[in-house]
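Undergrad: Predicted model follows, preceded by the sequence.
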Amino acid sequence: MTKLSVNINKIATLRNARGGDRPNVVQAAKDCERFGAQGITVHPRPDERHIRYQDVYDLKEVVTTEFNIEGNPTPDFLKLVKEVRPEQATLVPDAPDAITSNAGWDTQKHEGFLTDVIGELKELGIRTSIFVDPNERMIEGAKLVGTDRVELYTEAYAKHYHDNREQAIAPYLAAAKRAQEFGIGLNAGHDLDLDNLKYLHDTLPGLLEVSIGHALICDALYFGLENTIQQYLRQLK
Ligand SMILES: CC(=O)[C@@H](O)[C@H](O)COP(=O)(O)O
Ligand SMILES: NCC(=O)COP(=O)(O)O
């Protein structure tokens, strides 16, 4: 079964546009769960342009499904994660000024750092995932650093899906098979939507979770949040 974790960053973006509390991020997370989401993802960034650190503490009090915190493991991020203790922490090597995540880890270059951070989080009972490009060498590095899971960075898949989906998914399939051989759990995310999700789900073996935010929240403007989540869940059957 592939779980749908709804990334609620964009709910916070909308709230922050006016500085008030509408829409309420905590209520949105509760509603996503009520409408069927099997997890809630947030990606607090250092400038707190969408999810704020305080949101993460507030969400921890209410999220009853799987709470996944994504981000670059800076000292501030690690302090937050260690205090909140989500079910899963996804480490993403994004620069503070990046508009959005734009690359996976070089797991070989950063082997020592990732090994240390992953070890610390696992000791606290937090499942770890690392954001990686669909590259078999990076999966081999992921094995060495001891992560529980990898999250395949699906931007390239999404970008090329409509040109040639077999070609677009080929590197992901190879990476997924390698992860499976190593006993590493498989997540995926970035730019997934109602067009490209089903093929990804049906093609990648052992896909445990997808985290989806931008497209899902955009779809919710037209279809409503409950209906949208139901539509995404149907792609994962
Ligand atoms: C790791 C990843 O792909 C997502 O967390 C994505 O980066 C969402 O972050 P933004 O909402 O800040 O674009
Ligand atoms: N990990 C990916 C994520 O949480 C959401 O990415 P996107 O759907 O906002 O591109």
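TA: Thanks, I have the structure now. No experiment lies behind these values; they were computed from the predicted model shown. Ligands and ions are numbered 1, 2, ... in the order given.

Undergrad: the strands in this structure, which residues?
TA: In the chain, the strands defined using DSSP state E lie at 3-7, 39-42, 66-71, 88-91, 127-132, 149-153, 185-189, 207-212.

Undergrad: give me the low-pLDDT residue ranges for this protein?
TA: Of all residues in the chain, none has pLDDT under 70.

Undergrad: List the contacts of the residue nearest the centre of the chain.
TA: Residue closest to the mean C-alpha point of the chain, counted by CA atoms, centre = their mean, is residue 211 at 4.3 Å. Applying CB atoms under 8 Å, 6 or more residues apart in numbering, we find residue 211 in contact with 5-7, 39, 41, 68, 70, 90, 151, 187, 189. Any C-beta I mention is one placed from the backbone N, CA and C, and that applies to glycine too.

Undergrad: How about residue 217?
TA: So residue 217 contacts 8, 10-11 (CB under 8 Å, 6+ apart).

Undergrad: Roughly how far does it sit from residue 109?
TA: 34 Å (CB to CB, to the nearest Å).

Undergrad: just checking, residue 118 touches residue 142?
TA: No - in terms of CB atoms under 8 Å, residue 118 does not count as a neighbour of residue 142; the distance is 9.6 Å.

Undergrad: intersection of neighbour lists for the two?
TA: With CB under 8 Å, 6+ apart as the test, residue 118 and residue 142 both reach residue 130.

Undergrad: how about the strands of the chain in a markdown table, adding distance to ligand 1?
TA: Shown next, in a markdown table, are these (distance: least, CB to the nearest ligand atom, whole Å):
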| stretch | distance to ligand 1 |
| --- | --- |
| strand 3-7 | 6 |
| strand 39-42 | 7 |
| strand 66-71 | 5 |
| strand 88-91 | 7 |
| strand 127-132 | 5 |
| strand 149-153 | 6 |
| strand 185-189 | 5 |
| strand 207-212 | 7 |
